[in-house]
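In: Here's a sequence, model it:
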Amino acid sequence: MLKDYQYTLFPYAYNILGSVEDAKDTIQDVLSNYVTANREDIGNEKAYLVRSVINQSINAKNKRKTVYYEDVWLPEPVATEEADKALHLKDIGSYTMLILMEELNPKERAVFILKEGFGYSHDEIADVLSGSVEQSRKLLSRAKAKLDARKQGAPMNNKTVSAALLDQYLHAIRKGDTQRLENMLSQDIVFYADGGKNLNVARKICTGLQDVSELLVFTYNKYQREFEFEFTMINHQPALLFYLGEKLYGCQVFTISPEDNKILQISTVLDPDKLKNIGK
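Out: As a prediction, the model looks like this:
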């Protein structure tokens, strides 16, 4: 049934768009058009719908302007705690990779996702994008070159180790122990905060051990003392959700090095529109 395709198609749309709502809208448009289309010449229904969703997602991504440094745009988080049970969640891109992929143009992003995420051949990608095998190879090569310039390696996704580490992280912040906090952070630590259009944040971007640790302690003392913190997995990475009562106020996703357990990146989503699909 067509409704079953909503789960199948979601990772394709979301990994390109980085937005749950935009992905759902794209899929709904494709399925609605498919119902009224002449389907006599469609041999493979799934392949046709995947192709349609990918191309519509590329068009939608082209229309959306993403701004760096002056403004911070972070992907909408997806809860993957239940990825073992919900099979479609396994294909959701890691949060770190989705951020890195903002360096790519939409076609480069689509090729990279199809080849590296879904195992498509260049022949299959050429068919999906109505291009040539050579174009697919060139797009993948360009995408990899851009990503390799910034890539830090695969982030840790071990729930047990991550939960223990983030418990220590919270303890250091609550105690105002910046020295202990700095010992948990990478030398190249980067902090991002996305408050959306209407919510101001203390800092949108912060780098360096001392500055980031001081910002974390300041933010906790100024805004988060009354919050309850809950550990979860977001986009297959360890994360903390901030609650005041039943209301979710923030989501913090951590990029942790599996080699030395150092925190490489902290991505804080405070935009209410991006939080409505996760939490209690």
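In: Please count neighbours and contacts with C-alpha atoms only from this point.
Out: Will do.
In: helix/strand/coil for Cys206?
Out: Under DSSP: H, G, I helix; E, B strand; the rest coil, Cys206 falls in the strand class.
In: Any idea what it is bridged to?
Out: Applying DSSP bridges to Cys206 yields these beta-bridge partners: Phe191.
In: Run through the residues that contact Ala13.
Out: Ala13 makes contact with Ala23, Lys24, Thr26, Ile27, Val53, Ile54, Ser57, according to CA atoms under 8 Å, 6 or more residues apart in numbering.
In: got the phi/psi numbers for the last one?
Out: As for Ser57, its main-chain torsions (degrees, to the nearest 10) stand at phi -70, psi -40.
In: follow-up on the earlier one: and which of the contacts of Ala13 is nearest to Gly176?
Out: Set against Gly176, the nearest of these by CA to CA is Ala23 (40.4 Å).
In: so which of the contacts of Ala13 comes closest to Ser136?
Out: Ile54 (14.4 Å).
In: so how far is the helix or strand that closest one falls within from its chain's centroid?
Out: For Ile54, the host element (DSSP states H and E) is helix 45-63. Chain-centre distance of helix 45-63: 19 Å, with CA atoms, centre = their mean, to the nearest Å.
In: Which strands or helices does it pack on?
Out: In terms of contacts (3 or more CA pairs under 8 Å, 6 or more residues apart in numbering; DSSP states H and E), helix 45-63 is packed against helix 5-17, helix 20-36, helix 106-112, helix 122-128.
In: which of those helices is buried the deepest?
Out: helix 106-112 (a mean of 25; mean count of other CA atoms under 10 Å).
In: low pLDDT regions in the stretch 51-200 of the chain?
Out: Along the stretch 51-200 of the chain, the parts satisfying pLDDT under 70 run over 65-70, 149-153.
In: For it, which segments count as helices?
Out: Along the stretch 51-200 of the chain, counting by DSSP state H, counting those that start in this stretch, helices occupy 95-100, 106-112, 122-128, 133-148, 159-175, 178-184.
In: what would those look like in a markdown table with distance to Ala83?
Out: Shown next, in a markdown table, are the helices of the stretch 51-200 of the chain (distance: least, CA to CA, whole Å):
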| stretch | distance to Ala83 |
| --- | --- |
| helix 95-100 | 15 |
| helix 106-112 | 22 |
| helix 122-128 | 26 |
| helix 133-148 | 26 |
| helix 159-175 | 13 |
| helix 178-184 | 28 |
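In: With respect to Glu246, which of the ones you listed lies nearest?
Out: Taking CA to CA, helix 159-175 is the member of the helices of the stretch 51-200 of the chain nearest to Glu246, at 20.2 Å.
In: Check the offset of the closest one from the chain's centre.
Out: The chain centre lies 22 Å from the centre of helix 159-175; the measure is CA atoms, centre = their mean.
In: Isn't Thr207 up against Ser186?
Out: No - using CA atoms under 8 Å as the test, Thr207 is too far from Ser186 to be in contact (10.2 Å).
In: and Ile278, which of the helices and strands packed on helix 45-63 is closest to it?
Out: Closest to Ile278 of those is helix 20-36 (CA to CA; 10.5 Å).
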